[in-house]
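Asks: Only the shape, not the letters, is given here:
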């Protein structure tokens, strides 16, 4: 394998394929951010693999000049797990969406996270099925009216961050497609983290679900609704930080006037071993129509599944010696038949 | 079965072969007793074949027909191929076991019953209105009523008094008492079993000692009681020289996969989800990590094959295994592996279907599922193992095809092969195929302007390059969408799709050009009937052919290792015989396939009982066919 250490640019991570998302799609911004941050972070195209499932977001690997697998619906975390186990030298990324990752592939997402496989999972959440042209998704708010739900959807939506924290994912963040700086921070954190990292990205589908994240994106609303999580700082928000997140006696969290909150204001600590506080934070909003936490919810070190798996193989070699076929075949009771 | 011997008060009768069946409740330890008797027979140099048969429930209600578990062993001084149709000796540990198995015991056969278990409650549970030990139900057999439970408890009185084990635990040793008695009947030393018990219960010396005491008590009972007039002896079989061991199908497949890994220099990645009867492959491989084996117990069947696709992309020899229901779930991913043209192996240890079906019973009914059960035009090479030990060679052959042609390959086994054991003449490791010769990782760009073309094919095998992540300059993206030739770029162009479809068929068809000619077994050379088989039916078909030839009916037979593509010489062979019979453990799936492919009027012989079919039934089917042969 050949590598060189020349400084790479965004161009080195950009494939020659024409990008075919709808004009105005939030995916463009995410693609540009990832291409730039990988170059800046010193990643190598040959050692980088993007694995996706099915959906608009899952076309992502075709636009990266890295190795890539465009797999089948929902199964990207499983494919990526096998690759990560087989190849510790690679950076393995999973690109998925709210339908791919939380509906048809919900099982695999959950297990990749709770195993803590060394993967970076980016979930593009647009609260809609785009590729199949506009059915409601597992993150669409209850009562959503779309093609398949003309009278409103009946199932309560999933909060992806709560789900990830529920299975004790070791790196959990949330960001917004068009907030370049914040998105870079959240994804760079995922890249640096060893183990499974999960980033939910609010991504606008301007064709089938335009404006779903206006509460967090519109200039006149975003300051009121973005609750920025900053490590070690009290969690306050609003144009003048006039609102604060406080802990309730029952373990949940709520909002309060900062002046009244006093020392009840929660100080953010993503490195807390116990995911309970991060989970309570994630419950502050269900769908991002009001004040919603943005940032890194959890970032802790825990043994990594694929590292441990390879350690067991090494331990077996160390204790038994490298396997010899003749010994294997003749293990147990053998007998000889003479001529 | 009688070869020689004279009758005296205690005579040893020489037999050519014998079939012994242990039957009892699931909790009676019949599989263990059978396994140990198998080891004793192997160590005595007999050829052998086994048939374990157990309920799908871990513990079905005690004493019921549903809870009966049995283990049959056929051992011989000759070369044998089946676990035997009807037992010569039946050990029945309770009325349910007797009810279920008596009808298969040979007339005049030896029946050993645990008379302690024939109380009213057990009799009722088994469906007996009257105690068969007390009426004339068993007059056709040589019946030995043995108080197996009482004898076991008596032998272990000391152990119980010393508090080493309680009565219930002591009673559990009764399978060893039965084994001791049968070991004595067949003149078998019990030292191997004693050593095995000591190892198995190394951490519980009291239990080991109790089992050994019961084993010896069984042997001593045979020796001292007047009830047994005969003991039997089966001399060693004249097997080809070499070193032997017993091996089950699942073990052989696991070893074959390890051998393919060693002989290809590729690390073995095994991703699977537990399912009967395939799980033992996972258990075996998990013990062999020192061969650079990674085992991954996935969250479901789809994740299992998904992980295998990822590992194959990364350069491992990647394998998953399941049984019918799990294979159904893997279907979509098998299609992905096929269009991504990655080498991997899918083992299907078939069981009775449809749906959950008969988890612990055998069947060959997934053949059409494997050949055709995917969306789109999706050809995948298929190989089948034909005996327990053949799983080893079949696994290596599956790996050879996968690596040579960069394709997923299905290896078919079944529940019978998986759990049955036979002696295996160990191959010389250096004589195994050198799989490093059949592939090489691509390390340099292969296109005109230094570009890499992931679908530029080898002109001979049509295999595409296998370029691993980590190799600079060969970055490429592939997936399930239709591809343009050479570049692998997405293409929806009509002509391209037609061409790629034909190419994917041609790629599999070319495998046939590389196969050795079929071996036809037609000793007299004038057979008018050809039997075509595949998979685990080889034993019964071979035995049946042997038997009808003894009766003067010439028959020929072939047994297919490769089911996709079919061998090139198959068509002519089928047309060379006036009658072609295809015996299968399904409703005629291969026959249907052969008819479609060759237009030969292949006759079917179908049995779907969950059991391997008996050679005697097949003999009748062949004889029936003979009467139809025009003069």
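Replies: On my side now, so go ahead. Everything quoted here is computed from the prediction, not taken from an experiment. Residues are numbered from 1 along each chain as shown, chains lettered A, B, ... in the order given.

Asks: May I ask you to confirm that residue B:582 belongs to a strand?
Replies: Yes: assessed by DSSP: H, G, I helix; E, B strand; the rest coil, residue B:582 belongs to a strand.

Asks: List the beta-bridge partners for it.
Replies: Here residue B:582 shows beta-bridge partners residue B:604, assigned using DSSP bridges.

Asks: right, and it touches residue B:590 too?
Replies: Yes: counting by Cβ atoms under 8 Å, residue B:582 does reach residue B:590; the two are 5.5 Å apart. Every residue, glycine included, has its C-beta placed from N, CA and C.

Asks: nearest residue to residue 310 other than its sequence neighbours?
Replies: Using chain A here. Counting by Cβ to Cβ, 6 or more residues apart in numbering or on different chains, residue A:310 lies nearest to residue A:88, which is 6.3 Å off, once chain neighbours are set aside.

Asks: you looked at the wrong chain, it should be chain B
Replies: Residue B:310's closest residue in space is residue A:82 (Cβ to Cβ, 6+ apart), at 3.1 Å.

Asks: Can you list phi and psi of residue B:246 for me?
Replies: Per-residue torsions, residue B:246: phi -90, psi 150 (degrees, to the nearest 10).

Asks: Quick check: it vs residue B:153, distance?
Replies: 32 Å (Cβ to Cβ, to the nearest Å).

Asks: Same check on residue B:184?
Replies: Residue B:184 is 20 Å from residue B:153, by Cβ to Cβ.

Asks: picking that back up, shared neighbours, residue B:582 and residue B:590?
Replies: Shared contacts of residue B:582 and residue B:590 (Cβ atoms under 8 Å, 6 or more residues apart in numbering or on different chains): residue B:532.

Asks: Pull the contacting residues for the residue in the stretch 151-300 of chain A that chain B sits nearest to.
Replies: Using Cβ to the nearest Cβ, the point where the stretch 151-300 of chain A gets nearest to chain B is residue A:167, with a distance of 11.5 Å. Residue A:167 makes contact with A:110, A:113-114, according to Cβ under 8 Å, 6+ apart.

Asks: Out of these, which is nearest to residue B:361?
Replies: Nearest to residue B:361, judged by Cβ to Cβ, of those is residue A:110 at 34.0 Å.

Asks: now the host helix or strand of the closest one: mean pLDDT?
Replies: Following DSSP states H and E, one finds residue A:110 within helix A:106-115. Mean per-residue pLDDT for helix A:106-115: 98.

Asks: what do you get for stretch B:19-28?
Replies: 95.

Asks: how about the strands in the stretch 151-300 of chain B?
Replies: Along the stretch 151-300 of chain B, counting by DSSP state E, counting those that start in this stretch, strands occupy B:230-234, B:242-248, B:268-272, B:293-297.

Asks: Let's have those in JSON lines, adding distance to residue A:121 and mean neighbour count.
Replies: Shown next, in JSON lines, are the strands of the stretch 151-300 of chain B (distance: least, Cβ to Cβ, whole Å; neighbours: other Cβ atoms under 10 Å in any protein chain shown):
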{"stretch": "strand B:230-234", "distance to residue A:121": "62", "mean neighbour count": "19"}
{"stretch": "strand B:242-248", "distance to residue A:121": "40", "mean neighbour count": "21"}
{"stretch": "strand B:268-272", "distance to residue A:121": "19", "mean neighbour count": "28"}
{"stretch": "strand B:293-297", "distance to residue A:121": "18", "mean neighbour count": "23"}
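
Asks: quick revisit: list the contacts for the residue nearest to residue B:310?
Replies: B:269, B:271, B:296, B:306-312, B:314, B:318.

Asks: change it to 6 Å
Replies: By Cβ atoms under 6 Å, 6 or more residues apart in numbering or on different chains, the residues touching residue A:82 are B:271, B:307-308, B:310-311.

Asks: What of residue A:80?
Replies: Counted by Cβ under 6 Å, 6+ apart, residue A:80 has contacts A:51, A:92, A:94, A:119, B:310.

Asks: May I ask which helix or strand encompasses it?
Replies: Counting by DSSP H and E, residue A:80 is found in helix A:76-86.

Asks: Taking strand B:293-297 as reference, get the angle to that helix.
Replies: Interaxial angle of helix A:76-86 relative to strand B:293-297 (axes from the mean of the first three to the mean of the last three Cα atoms, to 10 degrees): 150 degrees.
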